[in-house]
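Engineer: When you get a sec, could you give me coordinates for this:
(one chain, ligands or ions: 1)
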Amino acid sequence: MKQLVRMFSIVIVVSIVLMYVISRMNAAEGYTGGNTLTVYNWGDYIDPELLDDFEEQTGIKVIYQTFDSNEAMLTKIAQGGTTFDISVPSDYAISKMIEEDLLIPIDHSRLPNMQYINEKFMDLPFDPENQYSVPYFWGTVGIVYNPELVGDHTFTSWDELWADDLRNQILLADGAREVIGFGLNSLGYSLNDTNEDHLQEAKNKLNKLTPNVKAIVGDEIKMLLANEEAAVGLVWSGDAAEIMSENEKLDYVVPEEGSNLWFDNMVIPKTAKNIEGAYLFMDFMLDPENAARNADYVGYSTPNDAALELLDEEVSGDTRFYPEDELLEKLEVYDNLGKRMLSHYNELFLEFKMHRK
Ligand code: SPD
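Structural biologist: Below is the predicted model:
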């Protein structure tokens, strides 16, 4: 009898250990049960204290994972095997996800704080009527530079990047659309151009930039520029704002030939397991105080009017990061160029990267 009880106890203990190990493995793969929420966001794109506050307010545990490009995020969600409840793609990637039937339509009645979003960020062509996405941050692509290290350059033109005196001084954000885009813009073409001759011309011109390019990097671009490891960077506006808060010598400009205006919105992928939690999270992030804290922390521009009022006037009145409509009208939003053309942009970017080796 004693032996039977011992064996029974062993079986119970082994089962408990196994259940624990399996639940940890699931968590690592983004498993969401009733009381967890898996958020898949860009790196450095949220105030981590907001996640703690959300957990405390709702009792929902957040499992947080990051990506560094729309392409990486799209591939991961499309290939399946994940259970993300929230993601934050950009404009053209949202359009692609809608096209590929990867998103759940949004019920606006579950998002009372959506009222604070400025209407110019709603109903944009990549998601008419915001059927699938909720504004998070927005911004431009431009050049951050250290006036003490670049002579007379003020980068009002993309062409200044090719100057001989900038040898090994430029860092580029690791984005295919951003790099091919400024190559096209520098030639006077649209950053949505699909003409093969124009694309080859842009790549050949970018190849000539190679001697000036020190590195193509991810989020570390902020630390490198703030520490003056390079004089110039091609960056998203919010990263420029953060870099400039670390090193006040630096400035940010959007070249006059044109550039990219982008929008990152929250979505609920079809992989979601906690839809109720996803709505709670989106509405929490739309709350004016939370949205203002988030904007303050990450440095990006908020589409939330009530949050904007809570920010320092120094921040909300800075036209480098909240540009006037006149500049915005000159900028272009990335189109969803379709699977084949987007892959072609990626190939061209890869060829440019290889050219540097
Ligand atoms: N580190 C956060 C980066 C977020 C950038 N999103 C901009 C995407 C533009 N296509």
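Engineer: Give the bridge partners for the most centrally placed residue in the chain, please.
Structural biologist: Nearest to the mean C-alpha position of the chain, counting by CA atoms, centre = their mean, stands residue 42 at 4.7 Å. Legend: beta-bridge partners of residue 42 under DSSP bridges are residue 67.
Engineer: Distance check, it against residue 266.
Structural biologist: Distance from residue 42 to residue 266, counting by CB to CB, to the nearest Å: 12 Å. For the C-beta atoms, the positions are set from N, CA and C on the backbone; glycine is no exception.
Engineer: got any residues that touch both of the two?
Structural biologist: Residues touching both residue 42 and residue 266 by CB atoms under 8 Å, 6 or more residues apart in numbering: residue 88.
Engineer: Can you give me every residue that contacts residue 172?
Structural biologist: 178, 179, 213, 215, 216, 217, 233, 234.
Engineer: Could you verify that it is part of a strand?
Structural biologist: Yes. Under DSSP: H, G, I helix; E, B strand; the rest coil, residue 172 sits within a strand.
Engineer: how many other residues sit next to the residue nearest to residue 84 when sequence neighbours are not counted?
Structural biologist: Excluding the flanking residues, the one nearest residue 84 by CB to CB, 6 or more residues apart in numbering is residue 40, at 4.2 Å. By other CB atoms under 10 Å, the residues close to residue 40 number 24.
Engineer: Check the average confidence over the stretch of helix or strand residue 40 belongs to, would you?
Structural biologist: Using DSSP states H and E, the element containing residue 40 is strand 36-42. Mean pLDDT, strand 36-42: 98.
Engineer: Show residues contacting it.
Structural biologist: 27, 30-32, 51, 60-68, 73, 76-77, 82-88, 264, 269, 273-274, 277-278, 281.
Engineer: Please report how far residue 104 lies from the ligand.
Structural biologist: Going from residue 104 to the ligand by CB to the nearest ligand atom, to the nearest Å gives 22 Å.
Engineer: again with residue 169
Structural biologist: Counting by CB to the nearest ligand atom, the separation of residue 169 from the ligand is 22 Å.
Engineer: so who does that residue touch?
Structural biologist: Residue 169 sits next to 149, 150, 212, 214, 230, 231, 232 when contact means CB under 8 Å, 6+ apart.
Engineer: repeat for residue 249
Structural biologist: Contacts for residue 249 were tallied using CB under 8 Å, 6+ apart; they are 146, 147, 148.
Engineer: from these, which would you call buried?
Structural biologist: With burial judged by 16 or more other CB atoms under 10 Å, the buried subset of these is residue 146.
Engineer: Now render the contacts of residue 249 as CSV, adding pLDDT and secondary structure.
Structural biologist: Shown next, in CSV, are those (pLDDT from 0 to 100; DSSP: H, G, I helix; E, B strand; the rest coil):
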residue, pLDDT, secondary structure
146, 97, coil
147, 97, helix
148, 97, helix
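Engineer: can you tell me which of the contacts of residue 249 lies nearest to residue 221?
Structural biologist: residue 146 (13.4 Å; CB to CB).
Engineer: My understanding was that the closest one contacts residue 228; is that so?
Structural biologist: Yes. Counting by CB atoms under 8 Å, residue 146 does reach residue 228; the two are 6.2 Å apart.
Engineer: Need the overlap of contacts for these two.
Structural biologist: Joint contacts of residue 146 and residue 228 (CB under 8 Å, 6+ apart) are residue 247.
Engineer: Tell me the secondary structure at the residue in the stretch 201-350 of the chain positioned nearest to the ligand.
Structural biologist: Minimum separation of the stretch 201-350 of the chain from the ligand (CB to the nearest ligand atom) falls at residue 262, amounting to 3.8 Å. Following three-state DSSP, we place residue 262 in the strand state.
Engineer: what does residue 199 give?
Structural biologist: Note that with three-state DSSP, the state of residue 199 is helix.
Engineer: And for it, the neighbour number?
Structural biologist: Residues lying near residue 199 (other CB under 10 Å) number 19.
Engineer: check contacts around the closest residue to it other than its chain neighbours.
Structural biologist: Distances taken as CB to CB, 6+ apart put residue 348 closest to residue 199, at 6.1 Å, once the chain neighbours are dropped. For residue 348, the contact set (CB under 8 Å, 6+ apart) comprises 176, 180, 199, 202, 203.
Engineer: Counting neighbours, which of those comes out on top?
Structural biologist: Most neighbours among those, by other CB under 10 Å: residue 202, with 25 neighbours.
Engineer: by contact count, what packs against the helix or strand where it lies?
Structural biologist: If you go by DSSP H and E, residue 202 is part of helix 196-207. Contacts defined by 3 or more CB pairs under 8 Å, 6 or more residues apart in numbering; DSSP states H and E place helix 196-207 against helix 176-186, helix 339-355.
Engineer: So which residues make contact with stretch 219-228?
Structural biologist: In contact with stretch 219-228 (CB under 8 Å, 6+ apart) are residues 43-44, 68, 144, 146, 149, 171, 173, 215, 217, 230, 233, 235, 239, 242-243, 246-247, 250.
Engineer: can we see that at 10 Å?
Structural biologist: Under the contact criterion CB atoms under 10 Å, 6 or more residues apart in numbering, stretch 219-228 has outside partners 42-45, 66, 68, 144-146, 148-149, 171-174, 214-215, 217, 229-236, 238-247, 249-250, 299.
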